[in-house]
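J.: fold the following, please.
(one chain, ligands or ions: 2)
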Amino acid sequence: MTTKIAVLGAGSWGSVLANLLTENGHEVTLWSHKASQVAEMNEHHTNTAYMHDFEYEHNLNVTDDMKVALTGAEVVLFVVPTKAIREVSAQAAKILVANQQQVTVVHATKGLEQDTYKRVSEMLAEEIPAANRDGIVVLSGPSHAEDVAKKDLTLITAAAENEDVARKIQKLFMNPYFRVYTNTDVIGAEFGAALKNIIAIGAGALHGLGYGDNAKAALITRGLAEISRLGQSFGANPITFIGLSGVGDLVVTATSVNSRNWRAGNELGQGKSLSEVIDTMGMVIEGVATTKAAHELAAQRHVEMPITDAIYDVLYNGAEVRSVITGLMQREGRPE
Ligand SMILES: NC(=O)C1=CN([C@@H]2O[C@H](COP(=O)(O)OP(=O)(O)OC[C@H]3O[C@@H](n4cnc5c(N)ncnc54)[C@H](O)[C@@H]3O)[C@@H](O)[C@H]2O)C=CC1
Ligand SMILES: O=C(CO)COP(=O)(O)O
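T.: Ligands and ions are numbered 1, 2, ... in the order given. Got it, this is the predicted structure:
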């Protein structure tokens, strides 16, 4: 059955998800706020600023008019960076309310809001109270756009409090190379998604400094412990952190050259400054802002997150990566 879907955000992930949904036979309109990008995608079916050497389905509609994208849509997928979620969803809510339209809201964004520390689904629930028919569905898991574009095998999770709604979204995305599981632990899925980016920066930094596989495996393992601690303090199910949206996403992000967060960490490890790294990436490095939010949130809730704190010191206080590693290694011995 064909579903009419609006995808808001045409960076690497939004555009590739929109392409996959189009391949799956749905009627998809992708919205971008950049007119030049819309022209390129409609005329040449390319999106060179975000995806090199990739040709999109020719029947994927791209527009810079959000009303065109939303009108008639049954499902709206948000894939803008965390810092743009409120602005874009408030704009969408106005259009949906004026249209008297009810939609299923899905997001694939990975981060926490600055200062409020809210999860993306909390922001969306606040911004789209009237037009949101089903609660929010979170799409998360180990899924670099670059691999999905190549139709490499990818498995992710659709998390929603209402399992029927998660199943509905699962069906839209499933195809022979893209397998979707359902989960009802929205809190766990979102904390796993947001916090793994912090650890990926750390893993990249270890690589940039020349550390070996033992160090990287240890960082991933102890990183997962602190992700899980903070998530559980909000009621997340610990099992979620050993699933696709937990360890799955952590492993891919903390080991892949496709990861923007890993690459940022690698460049920091090689001695570049944070501003240089941000200026040259050209895409969002969610882990930088999330490190600040998680560091502050952990302090507020008295949750121990030593790796996050160390990465915060590197990113925000100018600490040397090697010296924070020494600090972590010399912490008092404790049971695992
Ligand atoms: N790239 C990937 O492989 C994956 C990314 N994600 C998540 O998806 C989200 C988006 O990431 P990417 O697509 O990689 O980012 P990106 O940097 O490639 O693209 C972001 C897009 O959002 C647009 N945008 C930025 N600010 C905006 C605003 N204020 N209003 C409207 N549009 C705005 C940009 O123009 C761009 O089209 C992030 O939270 C990321 O963690 C999740 C899974 C995979
Ligand atoms: O979340 C991702 C893969 O699952 C993408 O991570 P990066 O933003 O680090 O590329």
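J.: so what touches stretch 34-50?
T.: 10-12, 15, 30, 32, 54-58, 60-64, 145, 282-283 (CB atoms under 8 Å, 6 or more residues apart in numbering). Every residue, glycine included, has its C-beta placed from N, CA and C.
J.: ok, 10 Å please
T.: Residues outside stretch 34-50 that contact it (CB atoms under 10 Å, 6 or more residues apart in numbering): 10-16, 18-19, 30-32, 52-65, 145, 282-283.
J.: and for stretch 213-221?
T.: Counting by CB under 10 Å, 6+ apart, residues outside stretch 213-221 touching it are 196, 199-200, 202-207, 209, 211, 247, 250-251, 253-255, 307, 325, 328-329, 336.
J.: which among the residues you listed end up buried?
T.: Among those, the ones that count as buried by 16 or more other CB atoms under 10 Å are 196, 199-200, 202-207, 209, 211, 247, 250-251, 253-255, 307, 325.
J.: what about the contacts of stretch 34-50, which are in helices?
T.: 12-16, 18-19, 145 (DSSP state H).
J.: ok, so of those, who is nearest Asn99?
T.: Ala18 (20.7 Å; CB to CB).
J.: pLDDT at the closest one, what is it?
T.: Note for Ala18: predicted pLDDT of 98.
J.: right, and it touches Ser12 too?
T.: No: the criterion here is CB atoms under 10 Å, and Ala18 misses it with Ser12 at 11.2 Å.
J.: so which of those two has more stuff around it?
T.: Under the criterion of other CB atoms under 10 Å, the comparison of Ala18 against Ser12 puts Ala18 first, with 29 against 24.
J.: can you list the residues of this structure near ligand 2?
T.: 110, 142-144, 197, 200, 249, 252-253, 259-261, 286 (CB under 6 Å from any ligand atom).
J.: now, among those residues, which is nearest to His295?
T.: Asn197 (13.1 Å).
J.: going by secondary structure, the closest residue to that closest one other than its chain neighbours is in what exactly?
T.: In this structure, Asn197 finds its nearest non-sequential neighbour in Gly287, 3.2 Å apart by CB to CB, 6 or more residues apart in numbering. Element membership of Gly287, judged by DSSP states H and E, is helix 286-301.
J.: kindly report the same for Leu139.
T.: Going by DSSP H and E, Leu139 is in strand 132-140.
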